[in-house]
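Asks: sequence first, predicted model second:
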Amino acid sequence: MDAYLLDWANLLLRWAHVITAIAWIGSSFYFVMLDNSLTKPHDADLKAKGVDGEMWAVHGGGFYHSNKYLVAPRWRPLPENLHWSYWESYSTWLTGFALFTVLYLFNAGTFLVDKTVFDWSPGAAIAAALGFLVAFWVVYDVICRAFGQRHHGDLVVGVFVFAFVVFASWLACQLFAGRAAFLLVGAMIATAMSANVFFWIIPGQRKVVADLRAGRDPDPIHGRRGKQRSVHNTYFTLPVIVAMLSNHYGWLVQGPHNWLVLVLLMLAGALIRHSFVARHKAHVEGRRAPWEHAVVGTAVLVGLAVWLAPPPQSAEQRAAAAQPPTYAEVRAVIDQRCVVCHNAQVQNKNVALHTPELLRQHAQAVYQQTAVLRLMPLNNATQITDAERALVKRWFDSGAPVD
């Protein structure tokens, strides 16, 4: 029953996490697009009101006119009813951390630890995982504060942060199970994104609003810093998403150079995101959209696909593939590699495989998880071989006989 309730918690938290992430990412993407699509107003009335940029848009059968004030409206006091965009961020992080706790921290010995990668206790793995979340934010924040406001600060910060992400990706893949390492790297970057909102963007905006309402001139550093962290967040978004999604694909996370695979996936995402960010500005300025960054990012993905492609089958493998295995051969693999977690006493994910009838009932799931996605056995705890995965595939392709 405990496993059943954890599965429900997993489902509901994952659902909430995806919904809040859509709200946060959608809001972030919209405001980045809006900022980069603004044009200087030509109307004298708008200029007199303090409008620094405007954008006309059409959507859903209506027309919208967005105005951006550089500091605050000149023609009226700052409204009391201000919309603050922060709960999307906080809710995404809270639901994500709760999901990480339910799925990974409660089952650290299974999900975080792969003894073939690094043999340590579940408690130590939990402490290290939480340390990754904190340490990345601290180092990233120090880099931003030390170099962010200097000459060419954005470039310097970008180089240092990228180098630290590469190091963290390598280290995570040396310490944790591949699936957990990919997820953890995404989680640590996502934590920095929410921390940007919590520690810098919203507090800075609150200080600006308080100064304006008190009749004081706000310190421009708050606006510059908030804008810088918001830009960082938009570039982090696609790397975080691909890190979160890629942990579901065993052929990505289980290779000997999985850290490099993760880095290249995230780099491709950042390059593609940059093309979309720069496109809005180029469109307003009448320049060609700089799609070359997206082309490079796509080329990186194509290169990864070629690099990770399985080698062509030998003549012996092709001959073996043409010969369906017997049920006895498949039963031996299932008993040795799968039944330890899927039996009459232990039924992870409510799947049991200890009888022919149950194996036939779950044949498609066994094939998908073992031969296609290569996610099971989890962290390859029972050391299933590629030949055994191929045997399961041949068995399923032949109709999954159990007699």
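Replies: The structure has been received and is ready for your questions. All values derive from a computational prediction rather than experimental measurement.

Asks: show me how far the helix or strand that Thr237 is a member of is from its chain's centre.
Replies: Thr237 is part of helix 220-246 when elements are defined by DSSP states H and E. Relative to its chain's centre, helix 220-246 lies at 13 Å (CA atoms, centre = their mean, to the nearest Å).

Asks: flag every buried residue along it.
Replies: Buried positions in helix 220-246, judged by neighbour count with 16 or more other CB atoms under 10 Å: 222, 225-226, 228-230, 232-244, 246. No exception for glycine: its C-beta is placed from N, CA and C like everyone else's.

Asks: and for stretch 9-18?
Replies: Going by 16+ other CB under 10 Å, stretch 9-18 has these buried residues: Ala9, Leu13, Arg14, Ala16, His17.

Asks: what does stretch 183-202 give?
Replies: The neighbour-count check on stretch 183-202 (16+ other CB under 10 Å) flags 183-197, 200-202 as buried.

Asks: could you do stretch 149-161 as well?
Replies: Val157, Gly158, Phe160, Val161.

Asks: redo the residues you listed as TSV? Include pLDDT.
Replies: Output for those, formatted as TSV (pLDDT from 0 to 100):
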residue	pLDDT
Val157	96
Gly158	95
Phe160	97
Val161	97
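
Asks: tell me which helix or strand comes right after the top helix by length along the chain.
Replies: The longest helix of the chain (DSSP state H) is helix 2-37. Following helix 2-37 in sequence order, the next helix or strand is helix 44-48 (DSSP H and E).

Asks: pull the CA atoms of that following helix into PDB?
Replies: Extracted in PDB, the C-alpha atoms of helix 44-48 (Å, rounded to 0.1, in the frame of the first residue of the first chain):
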ATOM      1  CA  ALA A  44       3.500  62.500 -28.300                       C
ATOM      2  CA  ASP A  45       0.900  61.600 -25.800                       C
ATOM      3  CA  LEU A  46       2.600  58.200 -25.000                       C
ATOM      4  CA  LYS A  47       6.000  60.000 -24.700                       C
ATOM      5  CA  ALA A  48       4.500  62.500 -22.300                       C
END
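
Asks: quick one: buried residues of it?
Replies: Judged by neighbour count using 16+ other CB under 10 Å, the buried positions of helix 44-48 are Leu46.

Asks: then stretch 84-102?
Replies: Buried-residue list, stretch 84-102, by 16+ other CB under 10 Å: 85, 88-89, 91-100, 102.

Asks: this protein - how does it break down into domains?
Replies: 2-308, 315-397 (automatic domain parsing).

Asks: comparing the ones you listed, which gets the lowest mean pLDDT score?
Replies: When these are compared by mean pLDDT, domain 315-397 comes last with a mean of 84.

Asks: circling back to that earlier point, now the domains of the chain in TSV, with distance to Asp403?
Replies: Formatted as TSV, these follow (distance: least, CB to CB, whole Å):
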stretch	distance to Asp403
domain 2-308	30
domain 315-397	6
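
Asks: so Leu262 touches Val185, yeah?
Replies: Yes. Shown here, Leu262 and Val185 form a contact pair, counting by CB atoms under 8 Å, at 6.2 Å.

Asks: which neighbours do those two share?
Replies: Taking CB atoms under 8 Å, 6 or more residues apart in numbering as the contact rule, the neighbours common to Leu262 and Val185 are Ser169, Ala243.

Asks: returning to that earlier point: just send the buried residues of stretch 84-102 back as JSON lines, with distance to Val346 and secondary structure too.
Replies: Formatted as JSON lines, the buried residues of stretch 84-102 follow (distance: CB to CB, whole Å; DSSP: H, G, I helix; E, B strand; the rest coil):
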{"residue": "Ser85", "distance to Val346": "45", "secondary structure": "coil"}
{"residue": "Glu88", "distance to Val346": "39", "secondary structure": "helix"}
{"residue": "Ser89", "distance to Val346": "39", "secondary structure": "helix"}
{"residue": "Ser91", "distance to Val346": "35", "secondary structure": "helix"}
{"residue": "Thr92", "distance to Val346": "33", "secondary structure": "helix"}
{"residue": "Trp93", "distance to Val346": "33", "secondary structure": "helix"}
{"residue": "Leu94", "distance to Val346": "31", "secondary structure": "helix"}
{"residue": "Thr95", "distance to Val346": "29", "secondary structure": "helix"}
{"residue": "Gly96", "distance to Val346": "28", "secondary structure": "helix"}
{"residue": "Phe97", "distance to Val346": "28", "secondary structure": "helix"}
{"residue": "Ala98", "distance to Val346": "25", "secondary structure": "helix"}
{"residue": "Leu99", "distance to Val346": "23", "secondary structure": "helix"}
{"residue": "Phe100", "distance to Val346": "23", "secondary structure": "helix"}
{"residue": "Val102", "distance to Val346": "19", "secondary structure": "helix"}
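
Asks: OK, contacts around the closest residue to Trp200 other than its chain neighbours?
Replies: Nearest-residue entry for Trp200: Arg229, 5.2 Å, with adjacent residues in sequence omitted and distances by CB to CB, 6 or more residues apart in numbering. Listed by CB under 8 Å, 6+ apart, the contact partners of Arg229 are Cys144, Asn196, Val197, Trp200, Ile201.

Asks: how close does the residue nearest to the second one when sequence neighbours are not counted get to Asp141?
Replies: For Asn196, the nearest residue in space outside its immediate sequence neighbours is Arg229; the separation is 4.0 Å by CB to CB, 6+ apart. From Arg229 across to Asp141, the span is 9 Å (CB to CB, to the nearest Å).

Asks: sec struct for Asn120, please.
Replies: Small correction: residue 120 is Trp, not Asn. coil (DSSP: H, G, I helix; E, B strand; the rest coil).

Asks: can you name every helix or strand that the helix or strand hosting Arg179 contacts?
Replies: Using DSSP H and E, Arg179 sits within helix 178-195. Under the contact criterion of 3 or more CB pairs under 8 Å, 6 or more residues apart in numbering; DSSP states H and E, helix 178-195 touches helix 87-100, helix 122-147, helix 153-175, helix 220-246, helix 250-253, helix 258-285.

Asks: so can I have TSV of those showing distance to Lys349?
Replies: Output for those, formatted as TSV (distance: least, CB to CB, whole Å):
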stretch	distance to Lys349
helix 87-100	16
helix 122-147	20
helix 153-175	25
helix 220-246	20
helix 250-253	16
helix 258-285	24
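
Asks: outside of stretch 348-355, which residues touch it?
Replies: With CB under 8 Å, 6+ apart as the criterion, stretch 348-355 contacts 3-4, 7, 334, 338-339, 341-344, 358-359, 362, 365-366.
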